[in-house]
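[1] let me see the structure of the following:
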Amino acid sequence: MERVVVTGVGLVTPNGIGTDETWRSVTAGESAAAPITLFDCDERYPTRFACEVKNFEAERFMPRKKVKEAARFITFAMGAAKMAIEHAKLELTAEERERAGCFIGVGIGGLENLEKVTLLLKEKGPSKISPYFIPSLIGNLAAGQVSIEYGFQGPTYCHTSACSSSAHSIGEAYEWIRRGQADVMLAGGAEAAISPTGIAGFSAMFALSRRNEEPKRASRPFDKGRDGFVCGEGASALILESLTRAKRRGAPILAEIVGFGASSDAYHITKPAPGGAGAVRSMKYALADAKLSPDQIDYINAHGTSTPPGDIEESKALTTVFGAHALDHKVWISSTKSMMGHLLGAAGATEAGICALVIQTGLVPPTINLDEPDPECVLDYVPNRTRERKVRYALTNSFGFGGTNATLILSAFDG
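    Predicted coordinates for the structure are as follows:
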């Protein structure tokens, strides 16, 4: 089977437009949370802040005439894709394009366009609806627009599995390459759900933090005072290649993907299974796939959303899988959602990209706002300050509504 390596990372996040700026911000421990500006979020909303992508200019990343075809999540995907392709110095011949594909996971899709068109339909009738409305809305058009722009003619589609969407996309892209059915895959995720219905819907579930007076301190995974997640948005893309192709062209190799696991809680539409049972299976499957023992993992980018039940069950799952290796603080764990919020369908790819950067730099970003650890969360969550460590193996978890779970393992490349 083919080995699969990461040769490029593109990040569009609340912490920065670009991989370098995002990395600078998260290693500095900066929170991107602030009052919502994307719509008039008045006092009727229990939560009035989020982690928005600021100063994003879609025309930098796609032709101006195409922007009208795309909802915000698609423009983010185009930005992340362009940056990942440039980072990887990826060029494809006509023949190579037939074995290059694109998987971009999306949890919700063009929610803000759906809201606008619903109001327009009510006020002015169906004749005023744009022919671009449906293509701007549906989740697979992130991958579709990217594949059209860059000529990826291999497998191109969208994984939708809530907050595991983009982790599943990377895992499946990895499988396509290692089976020898593709040579290059652009894999990632995109999301833009900071809209009236998005914020109102998550608020109605009591899923969001309500710390409106101190938004930068609101996302606090594993902290005793956490009260919900902070909604984020953005997109991330990774260029995956077969090792054979990457070495042949002298590509920069950032990391290798060595393990992928997926499972279902089969328990509840939103609550995690007791003891994180589904998460345990997902991590064990990934470790088995990578042929690694738990004590070989150096760093874990936790799902760590800052919800009261979720963080506890993930902590229990980590303890079950990693045992003394975790309890003795030999594996470092952090949640970058403490800084950029929860990017929903884009979270898994973003955090996989973060893992590749951890492996490259030896810098482990912190879990900020972790002032008083929950007594049921007793592991080393790298509180508040970045640390340095040589990381050979990094694991990242993504869990979603419906009980869906995905785990990826990345390693330092050893030629």
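
[2] and the next helix or strand past the longest helix along the chain?
    Secondary structure of the chain per DSSP state H: the longest helix is helix 308-327. Counting by DSSP states H and E, the next helix or strand C-terminal to helix 308-327 is strand 332-334.

[3] which elements pack onto that next one?
    If you count contacts as 3 or more CB pairs under 8 Å, 6 or more residues apart in numbering; DSSP states H and E, strand 332-334 packs onto strand 299-301. Heads up, the C-betas are built off the backbone N, CA and C, glycines and all.

[4] quick revisit: who touches the longest helix of the chain?
    Residues outside helix 308-327 that contact it (CB atoms under 8 Å, 6 or more residues apart in numbering): 221-222, 226-228, 271-277, 279-280, 283-284, 287, 294-295, 297, 300, 302-305, 330-331, 333, 374, 376-380, 397, 399.

[5] got it, and stretch 291-301?
    With CB under 8 Å, 6+ apart, stretch 291-301 has contacts from 258-259, 287, 318, 321-323, 325, 330-336, 351-352, 354-355, 358, 364, 389-397, 409.

[6] let's see it at 7 Å
    Applying CB atoms under 7 Å, 6 or more residues apart in numbering, the contact partners of stretch 291-301 are 259, 287, 318, 321-323, 325, 331-334, 336, 351, 354-355, 358, 364, 389, 391-396, 409.

[7] buried residues in that stretch?
    With burial defined by 16 or more other CB atoms under 10 Å, the residues of stretch 291-301 counted as buried are 292, 294, 296-301.

[8] and Ala28, how many neighbours?
    By the criterion of other CB atoms under 10 Å, Ala28 has 14 neighbours.

[9] quick one, phi/psi of the closest residue to it other than its chain neighbours?
    Distance criterion CB to CB, 6 or more residues apart in numbering; nearest residue to Ala28, sequence neighbours excluded, is Thr386 at 7.6 Å. Torsion angles at Thr386 (phi, psi; degrees, to the nearest 10) stand at phi -60, psi 140.

[10] and Thr386, what does it touch?
    27, 29, 363-366.

[11] how near is it to Glu172?
    From Thr386 over to Glu172 the distance is 32 Å, taken as CB to CB, to the nearest Å.

[12] and the chain, what are its domain boundaries?
    Domain ranges of the chain: 4-249, 259-411, per automatic domain parsing.

[13] what would these look like in JSON lines with mean pLDDT?
    Listed next are the domains of the chain as JSON lines, based on pLDDT from 0 to 100:
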{"stretch": "domain 4-249", "mean pLDDT": "97"}
{"stretch": "domain 259-411", "mean pLDDT": "98"}
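
[14] hmm, back to that, restrict the contacts of stretch 291-301 to the buried ones and give me that as a PyMOL selection.
    A single PyMOL command is used to select the members of the contacts of stretch 291-301 judged buried by 16+ other CB under 10 Å:
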select buried, resi 259+287+318+321+322+325+331+332+333+334+336+351+354+355+358+364+391+393+394+395+396+409
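
[15] picking that back up, among the contacts of helix 308-327, which are in strands?
    Taking DSSP state E, the ones among those that sit in strands are 300, 333, 397, 399.

[16] ok, Ser195 - contacts?
    38-39, 111-112, 115.

[17] pull out the buried members of those residues.
    Taking 16+ other CB under 10 Å as the criterion, what is buried in the contacts of Ser195 is 38, 111-112.

[18] let's see which of those residues end up in strands.
    Those of these lying in strands (DSSP E): none at all.

[19] for Leu238, state which of those residues is nearest.
    For those, the closest approach to Leu238 (CB to CB) belongs to Leu111, at 24.6 Å.

[20] that older thread, same list (the ones in strands among the contacts of helix 308-327) but as CSV, adding distance to Phe76.
    What follows is the ones in strands among the contacts of helix 308-327, written out as CSV (distance: CB to CB, whole Å):
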residue, distance to Phe76
Ile300, 26
Ile333, 27
Asn397, 23
Phe399, 22
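
[21] and which of the residues you listed is nearest Ile129?
    Nearest member of the ones in strands among the contacts of helix 308-327 to Ile129, counting by CB to CB, is Phe399, at 36.6 Å.

[22] look up how far Val53 lies from that closest one.
    23 Å.

[23] these two: which is more packed in?
    Applying other CB under 10 Å to Phe399 and Val53 shows that Phe399 carries more neighbours, namely 33 against 25.

[24] could you pull up the residues touching that one?
    Residues near Phe399 by CB under 7 Å, 6+ apart: 163-164, 272, 279, 303, 405.

[25] which of those lies closest to Gln181?
    For the contacts of Phe399, the nearest to Gln181 is Ser164 (22.5 Å; CB to CB).

[26] burial of that closest one, as a residue count?
    Counted with other CB under 10 Å, Ser164 comes out at 31.

[27] test my guess that it contacts Phe401.
    No: the criterion here is CB atoms under 7 Å, and Ser164 misses it with Phe401 at 9.3 Å.

[28] what's the closest of the contacts of Phe399 to Lys66?
    Distances from Lys66 to these, taken by CB to CB, are shortest for Cys163, at 28.1 Å.

[29] skipping its backbone neighbours, what lies nearest that closest one in space?
    Going by CB to CB, 6+ apart, Cys163 has Gly400 as its nearest residue, at 3.9 Å.

[30] filter the contacts of Thr386 down to the buried ones.
    The neighbour count (16+ other CB under 10 Å) marks 27, 29, 364-366 as buried among the contacts of Thr386.

[31] so which of those residues are in strands?
    Counting by DSSP E, the buried ones among the contacts of Thr386 contribute Val364 to strands.

[32] from the buried ones among the contacts of Thr386, which two are the most distant?
    The farthest-apart pair in the buried ones among the contacts of Thr386, when distances are taken by CB to CB, is Gly29 and Val364, at 11.6 Å.
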